[in-house]
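Participant: Quick one, structure for this:
(2 chains)
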Amino acid sequence: MNYNPITALAIFFGICLLLYFAFRPKKGIYFLLKSMYKQKDKVIIEDILKFLYHNQLSNNSITTIGLTNSLNFSNSLIIESLKKMMDNELIVLEKDSYKLTPNGNEYAFQIIRAHRLWEKYLSEKTGFHKEEWHERAEDKEHELSESEINKLSDLLGNPRFDPHGDPIPTSKGKMKSKRGVSLSSLKENDIGQIIHIEDEPDIIYKQILAENIHLYSTIRVIENNHTRVVFHSEGEQFVLAPIVAGNITISVSEKNETLEENIARLSSLKIDEQAKIVGLSKECRGESRRRLLDLGFVKGATVAIDLLNPLGDPKAYYIKGTAIALRKDQASKILINRIE
Amino acid sequence: MSTKNIDDIIALSEELRWEIGDDFHDNLAESIYSDASKIVEDAVTKDNNKSKFRLDAKIDKIVTSRIWGFPIMLFILGAVLWLTIIGANYPSSMLAILLLDTIQPMLKSFGANIGFPWWLSGFLFDGVYLAVAWVIAVMLPPMAIFFPLFTLLEDFGYLPRVAFNMDNLFKKSGAHGKQALTMSMGFGCNAAGVVATRIIDSPRERLIAIITNNFSLCNGRWPTQILLATIFIGAVVPASYSSLASLTAVISIAVLGIAFMFFFSWALSKTVLKGEVSTFNLELPPYRPPVFWKTIYTSLIDRTLIVLWRAIVFAAPAGAVIWLISNIYLGDESIASWLIGSFDGFGFLIGLNGVILLAYIVAIPANEIVIPTILMLTVMVTGVAGGVGDGVMFELDSVSATADILRSGGWTLLTAVNVMLFSLLHNPCSTTIYTIYKETNSVKWTVVASILPVIAGFIVTFLVAQIWRIFV
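Facilitator: This next block holds a predicted model:
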């Protein structure tokens, strides 16, 4: 059998290249075709509704130009959709800026409900990384029907807050408005609880994730000026740029919670130290949370390091008469009080 | 109560749920857990002095130490594999003499005596019986040695420490430390390795361990590797180094398998499996002296016999198929030689040949019968002397006679290298495929686990063949 092996190799790499261009993540031809097929009126209308809703909350008035600049669709499609929405009485035009009608408001609530419920679902029932929740929910919110959304809500036990701390509207369209203030507006020695971590824009959210800051943890501000915000939380010190800190919402506590200062993360426990468990961080979710509770990592249990690892991670902890090995990211979600 | 009242109550509860906040469920569950632990503390008296033996702590310090941890692990794994491969030789050859050289001729003469037509005795004794006997002779002894040894280590409590030591390596590829154990179990038998993944209780990591278990070179494939390395790799270097060279070649293949395992674990956890739930935890139970005889008994019953039984169930029809395709003629060609002819082109492209591809297809039920099938088909196609007849698998005692048959079938060093690679990288045997289906209960993952290694095998052998042909 005679053939040229170089030709064979060339054909092989040609096919590899083709497959790469067809299926590479997000930009592949396959995914482009899929999103083109899906990019229907419904998605545009729903995105416009959401955009208007969020801007009404912060009292921004939105003109046609504002819409076309902010949304990632072609101008003609947006204008066409706006016309349709006015015909269906979802929005009205008041002095060049668009306003939601009660119908439009209700519709926007449904989309937000779907989005936040889906994020909750991803956080509780799947293993997708935090980074992906928002983007996946952006797609899914347009696909869920009302009965599917209600089923999802039932499945999750009708949760009231999404994993970032945002309230989820009820099926009757009720939603508690956000309270709390931005972290960047706090003064030194202010104490409060992180109640919300904004997941947009992506770049800032990734920085917050990299810092390993936990939702619902209590913090104390150490320093706040125009170059940086420094705060203590769970026994660790965090330093953020003010623009990043602006995306974290804090509910300030009036009473002086000095007790909270003794809280640390289990990952900071040293060998020969002992500690009592205070609880699990809210960042520890779903199946992992239940496993840790099953294993005895409950409030009041005593814990110490049993074994260090030749490769550094995981460490074995001695709890309730057994040695349990935990990885560092898990141990950081268990809160302890050191015993002197 | 009137419906209005009920509606009011529901509305009130809806309103109150905003007030109690999101952590209500969690707090409730947690307080139940901590109440339960308080009750246990009050009600159960413990002998606190004996909570942890000093000896345990000492053993733990050594087996997880920076200096000794890894050497001890490698030594134990090496010793277990060595004992298995060397120790299995004797019972295997005794079984072969009994089942293949004694009983098989007896069955055939029995068939002739009571007047079976040639095709019936060929189908039953040369096809079905031979495949089953072969699988038993090759498979039973190594498993009967490997599994009890492994179970003893498990019962002693050493294996969880291995998982503990190795976890950081596996974490980097998105897997669980316990995969080190299921992988080692796969060196004995992939089907048993797949069953062993039950120890991994995190769904994503368990699927990774199941799908990549086939990259552990199993007992059925070690003999193929050793035979080919001895014949072809050993011949490349001077005689005094030949056994060292062939040993290195076999170990490299096994290590390459581990590399593929890590690569595919990483790739799977980053793509198709990233949505599966992942939880990590690893309990390090106290050491305890294993109950020797009980362990031997249960490991024989639970692991060895179950796997062997599944293998036999699959091997019997395979033997029938092998005999039938060699003896049913379409025109003046048997089905086998027609299939070999049509596979030859593709086989040549990836540095193999039609005989090898056909052998790997009909021998899906058991890797043990790949070499006997290749020998039989080669003799049938080339017409060289040797063998016992069409459709009757055989193996030769003499390595050099085996080498002669393979060379007459057109084998070169490239063919041998690629068969060694393809033996590592091809679909799992049907016993394993069936076990994967039983364990995952999902057609999708079974298909992925079956197809993935073959694709890897085709790509690797193709690349090796082209590069070889350009440079050699």
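
Participant: which ones are touching residue 29?
Facilitator: Looking at chain A here, since you left the chain open. The contact partners of A:Ile29, taken as Cβ atoms under 8 Å, 6 or more residues apart in numbering or on different chains, are A:Phe21, A:Ala22. To be clear about C-beta, it is placed using only N, CA and C from the backbone, and glycine gets the same treatment.

Participant: wrong one, I was asking about chain B
Facilitator: A:Leu293.

Participant: Could you rerun that using 10 Å?
Facilitator: Neighbour list for B:Ala29: A:Arg289, A:Arg290, A:Leu293, A:Val298 [criterion: Cβ atoms under 10 Å, 6 or more residues apart in numbering or on different chains].

Participant: Can you tell me which of those has the most neighbours?
Facilitator: Highest neighbour count within these: A:Val298, with 24 neighbours (other Cβ atoms under 10 Å in any protein chain shown).

Participant: Correct me if wrong: that one contacts B:Ala36.
Facilitator: Yes. Using Cβ atoms under 10 Å as the test, A:Val298 is close enough to B:Ala36 to be in contact (8.2 Å).

Participant: Can you report how many residues lie near A:Leu269?
Facilitator: Number of residues near A:Leu269 (other Cβ under 10 Å) recorded here: 20.

Participant: Revised request: answer the last question for A:Lys26.
Facilitator: Here the number of neighbours of A:Lys26 (other Cβ under 10 Å) works out to 8.

Participant: where does it land in three-state SS?
Facilitator: Classification of A:Lys26 into helix, strand or coil gives coil, according to DSSP: H, G, I helix; E, B strand; the rest coil.

Participant: any idea how far it is from chain B?
Facilitator: 13 Å (Cβ to the nearest Cβ, to the nearest Å).

Participant: So which of the contacts of B:Ala29 sit within helices?
Facilitator: A:Arg289, A:Arg290, A:Leu293 (DSSP state H).

Participant: Does A:Asn60 touch A:Lys99 like I think?
Facilitator: No. The pair A:Asn60 / A:Lys99 is not scored as a contact, 11.6 Å apart, by Cβ under 10 Å.

Participant: The closest residue to chain A within the stretch 101-250 of chain B - nearest residue in space that isn't next to it in sequence?
Facilitator: Using Cβ to the nearest Cβ, B:Asn168 is the residue of the stretch 101-250 of chain B that sits closest to chain A, at 3.8 Å. Once flanking residues are discounted, B:Asn168 sits nearest to A:Leu311: 3.8 Å by Cβ to Cβ, 6 or more residues apart in numbering or on different chains.

Participant: and that neighbour, what helix or strand is that in?
Facilitator: Using DSSP states H and E, A:Leu311 falls within no helix or strand.

Participant: Isn't it up against B:Lys171?
Facilitator: Yes. Contact between A:Leu311 and B:Lys171 holds when scored by Cβ under 10 Å: they sit 9.3 Å apart.

Participant: Touching both of the two, which residues are there?
Facilitator: Listed contacts common to A:Leu311 and B:Lys171 are B:Gly177; contacts here mean Cβ under 10 Å, 6+ apart.

Participant: Would you indicate which residues of stretch A:104-115 are buried?
Facilitator: Neighbour-count burial for stretch A:104-115, counted by 16 or more other Cβ atoms under 10 Å in any protein chain shown, picks out A:Gly104, A:Asn105, A:Tyr107, A:Ala108, A:Phe109, A:Gln110, A:Ile111, A:Ile112, A:Arg113, A:Ala114, A:His115.

Participant: follow-up on the earlier one: report the entries of the ones in helices among the contacts of B:Ala29 that also contact chain B.
Facilitator: Residues shared between those and the neighbourhood of chain B are A:Arg289, A:Arg290, A:Leu293 [Cβ under 10 Å from any Cβ of the partner chain].
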